[in-house]
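Visitor: Build me a model:
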Amino acid sequence: MEFGRGGRRLREIDHFLEAAQATSWIGWQLKEYHRLAGSPPTGSLIDPKSGSLRRSMAERFSRPYAEAVHGQVLKTAYNATSRVFTLRMRPRDRPGQTIVRFNEQFVYPHGFAVSIAPTVPWSYADGRLVVSTEHSAEVDLRVRPVQVRAPLL
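Guide: Coordinates of the predicted model:
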């Protein structure tokens, strides 16, 4: 999918990601060494002049998603403004694991909190949140950013 140019481009990207609840994204980007007709001057992942990563674009496309679900997904959502990821699932009748992936650097740079109901074991390492289930009751998973508090003066 290609998007428009300038400010409209960013609105189109945000609208698409929200409407589609895009859970995983892979794409490509042309690296300009010389200005090419039709290539976007803004809104791309790499700044064509400096070659550096545009953090705001990386944050826009970095979204948590369920990589593997041990059971049936009932609902999944990610709110890019609040950065809250939710997954409601019905696990299979036997023990197994569900894996949620996210880029901590871009999505939760100050840390994250996990809440799961009913309470089940979970672990996190290298961008993988692993949730273990042993029953078929519905599970509600929520990952949210940790609120950074200003230091007391």
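
Visitor: What are the boundaries of the helices in this structure?
Guide: 6-20, 55-61, 104-107 (DSSP state H).

Visitor: between these, which gets the lowest average pLDDT?
Guide: Comparing mean pLDDT across the helices of the chain, the weakest is helix 6-20, with a mean of 67.

Visitor: those strands in this protein, which residues are they?
Guide: 65-68, 71-79, 84-91, 96-101, 112-117, 122-125, 128-133, 139-145 (DSSP state E).

Visitor: Which neighbouring elements make contact with the last one?
Guide: The one in question is strand 139-145. Here strand 139-145 touches strand 84-91, strand 96-101, strand 112-117, strand 128-133, going by 3 or more C-beta pairs under 8 Å, 6 or more residues apart in numbering; DSSP states H and E. For glycine as for every other residue, the C-beta is placed from the backbone atoms N, C-alpha and C.

Visitor: Any idea which of these gets closest to Tyr65?
Guide: strand 96-101 (5.9 Å; C-beta to C-beta).

Visitor: Got the domain ranges for this protein?
Guide: Per automatic domain parsing, the domain ranges recorded for the chain read 6-61, 65-145.

Visitor: So for Pro48, what pLDDT did the model give?
Guide: 69.

Visitor: Quick check: which ranges of the protein have low pLDDT?
Guide: Within the chain, the stretches with pLDDT under 70 are 1-10, 13, 15-44, 48, 148-153.

Visitor: how about 80 then?
Guide: Within the chain, the stretches with pLDDT under 80 are 1-51, 54, 56-61, 135-136, 147-153.

Visitor: returning to that earlier point: including mean neighbour count and distance to Val69, could the helices and strands packed on strand 139-145 go into TSV?
Guide: Output for the helices and strands packed on strand 139-145, formatted as TSV (neighbours: other C-beta atoms under 10 Å; distance: least, C-beta to C-beta, whole Å):
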stretch	mean neighbour count	distance to Val69
strand 84-91	20	6
strand 96-101	18	5
strand 112-117	14	14
strand 128-133	19	9
